[in-house]
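I would like to see how this sequence folds:
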Amino acid sequence: DVGFVDSPRLVCRLEMPCARPAAAISLVDDTTAELLLEDFEDLRRGSGTSVIGASAGTEFSYESGEWKDGVFTYAMLNGITSGKADLNEDGRISVDELKRYTAEQVIKLTAGKQHPVSRGGNLDMDFTVALPQELLFAKSIETMADAVAISDDGQNIAAIVDRSLRGWNTTTGVETRRLSLGLGFYNIVAKGSTLRITDGQRVTDFSFVAGDQTRTVTATEDLILAHPVFSRDGKRFAYLTVQRGSEPVGLLVDANSGKILAAWPQPDFKLNLNQVLAFSPDGSKLAIFDGNRRISMRDGFTGALETELNWSGQVESLAFSHNNHLLAAGTNEDNLLIFDLVSSGNPRILENGDKHNYLPALLFSRDDKILLTGSSDGYIRFVSLPDGSMIHQIWNEDWAYRMTLTPDSHLLAVAGFRGSVRLWDVSQWLDRKER
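Model prediction:
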């Protein structure tokens, strides 16, 4: 079938497997043929059309039971599904890469008897035609997603979008929940098949799919601003805030009862400054960047100050290793800081890419050998530790603003800054048994 759409990004694949030269075969009616000839004959109109033909006009197009199709189709589909057409390994397959890979494979498989041809194309229009098979779910939304959570089985994903709770089934793509939450800055955490949500004042549990809330507790209502962060088990959350008529404080709250477990002065915190908080995976430690070029370490159960780390720059994200030995910090210059919390408080600096990018999201693998970094350039990079080399990258297209993993580390849920929610299969990189 040959279809025509009004789009500047159309890839049209034509294959005519036969026992005669491809140019001698007519597979379309007169009207379609005229349209095809028009596009083939005049690609100078700047439409962005790229055409890849199976063979030259004087050649045969070969097919075989071994390929279960024509060799051209086989080579193209294999390049996409295997990811081998991603020649520069940047996590996406462009038109130019698909052309080059397909041509090389067809020539190789036919021992030089068939040569695919292409027309049109423009370096400025070398757009993405395929993403790796690792992408399991993608949803575009109206605005940025502030937080994301995934059920333990990976079947449901949820996000905070413009002060609303949104949810989808990752298999069917059907939206399962949309609920307005009201004013506030919210965060969510998955607890099995349940979502726990807080804005710092109230804690509410919901099911992933549509239904009534199961419980709500009130922590405090005397707040001006809060950006709460949950412990991984959802039992506690912490945030920096300004209470009415008081100085800035940090609060540690029991999410089950709403009881404030600890409060401490945070005199350098200001409402217009960036703040980043992170619990260690076991919840025993709490790292805080208050926007004033300082990272403080507190006890995750009592809130007691333990130490302060040496860093004078901006921080966009924080993440603990599972053994609590390392603290990773992402900066606004695309650098990774690795603090050794056992031997010293001085960071090791790893360059992650372009100095003009941000690193708003970080995650450690279960064995702490890989660090996932979400960057404002649209890539999620897999950094090997301790050497800092990049072993893989995913083209997420949107900023990876927030990230979370399922408990088995097989699935990665990503909230995008420009308005997207995606789910990636990362098991081949993070599953300990496969490495």
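
next helix or strand past the strand or helix carrying I157?
Secondary structure from DSSP states H and E places I157 in strand 156-161. With elements assigned by DSSP H and E, the helix or strand that comes after strand 156-161 is strand 164-169.

so what strands line up beside that following strand?
Here strand 164-169 is paired, per DSSP bridges, with strand 156-161 (antiparallel), strand 175-180 (antiparallel).

any buried residues in the last one, and which?
This points to strand 175-180. By neighbour count on 16 or more other CB atoms under 10 Å, the buried set for strand 175-180 is 176-177. C-beta: built from backbone N, CA, C; applies to glycine.

name the helices or strands packed onto the very next helix or strand once past that strand?
Note on strand 175-180: by DSSP H and E, the next helix or strand toward the C-terminus is strand 187-191. If contacts are counted by 3 or more CB pairs under 8 Å, 6 or more residues apart in numbering; DSSP states H and E, strand 187-191 sits against strand 145-150, strand 156-161, strand 194-198, strand 229-230.

report the angle between the second one and strand 187-191.
Looking back up the chat, that one is strand 156-161. For strand 156-161 against strand 187-191, the angle by axes from the mean of the first three to the mean of the last three CA atoms, to 10 degrees is 170 degrees.

just the buried residues of strand 156-161, please?
Within strand 156-161, the residues that count as buried by 16+ other CB under 10 Å are 156-161.

for T110, state which of those is nearest.
When the buried residues of strand 156-161 are compared for distance to T110 (CB to CB), I157 wins out at 44.1 Å.

got the contact list for the closest one?
Contacts for I157 were tallied using CB atoms under 8 Å, 6 or more residues apart in numbering; they are 137, 148-151, 167-168, 170, 413, 421, 423.

can you verify my assumption that D86 contacts L98?
No - between D86 and L98 there is no contact under CB atoms under 8 Å: 9.5 Å.

mean confidence (pLDDT) on stretch 281-289, please.
Taken as a whole, stretch 281-289 carries a mean pLDDT of 95.

what about that stretch, start to end distance?
This stretch, stretch 281-289, spans 18 Å end to end (CA to CA, to the nearest Å).

any buried residues in it, and which?
Here stretch 281-289 shows 281, 283, 285-289 as buried, counting by 16+ other CB under 10 Å.

now stretch 251-258
Of the residues in stretch 251-258, those buried by neighbour count under the rule 16+ other CB under 10 Å are 251-253, 255, 258.

in the longest helix seen in the chain, what's buried?
As assigned by DSSP state H, the longest helix anywhere in the chain is helix 95-109. Residues of helix 95-109 classed as buried by neighbour count (16+ other CB under 10 Å): 95-103, 105-107, 109.

H392: which of the residues you listed is nearest?
The closest of the buried residues of helix 95-109 to H392 turns out to be E97 (CB to CB; 17.3 Å).

got a pLDDT number for the closest one?
As summarised for this prediction, E97 has a pLDDT of 87.

surely it and N88 touch.
Yes - between E97 and N88 a contact is recorded at 7.2 Å, counting by CB under 8 Å.

from the opening residue of stretch 293-304 to its closing one, how far?
With CA to CA as the measure, stretch 293-304 spans 20 Å from end to end.

what comes into contact with it?
For stretch 293-304, contacts defined as CB under 8 Å, 6+ apart pick out 231, 236, 238, 250, 252, 261-264, 268, 279-280, 283-290, 305-309, 311-315, 318, 327, 329, 339, 341.

any weak-confidence spans in the stretch 51-200 of the chain?
Where the stretch 51-200 of the chain drops to pLDDT under 70, the residues are 81-82, 89-91, 120-126, 130-133.

recalculate using a threshold of 80.
Per-residue confidence for the stretch 51-200 of the chain (pLDDT under 80) gives these ranges: 51, 57-58, 64-69, 80-83, 88-92, 118-133, 183-184.

hang on, the earlier thing: name the residues contacting each of E97 and N88.
Jointly contacting E97 and N88 under the rule CB under 8 Å, 6+ apart is no residue at all.

which of the buried residues of strand 156-161 lies closest to L372?
Using CB to CB, I157 is the member of the buried residues of strand 156-161 that sits closest to L372, with 17.2 Å.

hmm, back to that, as a markdown table, the strands paired with strand 164-169 with distance to Q428 would be great.
Below are the strands paired with strand 164-169 laid out as a markdown table (distance: least, CB to CB, whole Å):
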| stretch | distance to Q428 |
| --- | --- |
| strand 156-161 | 20 |
| strand 175-180 | 28 |
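
torsion angles phi and psi at the residue positioned nearest the centre of the chain?
Note on the chain: the residue nearest the mean C-alpha position is V414, at 4.1 Å, using CA atoms, centre = their mean. According to degrees, to the nearest 10, the main-chain angles of V414 amount to phi -130, psi 130.

so what sits opposite L423 in the bridge?
Assessed by DSSP bridges, L423 has beta-bridge partners F137, A413.

what about it, how many residues close to it?
Around L423 there are 22 other residues, counting by other CB atoms under 10 Å.

quick one, what contacts it?
135-138, 150, 154, 157, 170, 411-414 are the contacts of L423 under CB under 8 Å, 6+ apart.

among the residues you listed, which one lies nearest to L405?
Among those, and counting by CB to CB, the member closest to L405 is L412, at 5.6 Å.

for that closest one, the count of nearby residues, please.
29.

for the stretch 301-435 of the chain, which spans come out with low pLDDT?
Residue ranges of the stretch 301-435 of the chain with pLDDT under 80: 312, 333-334, 344-346, 351-356, 431-435.
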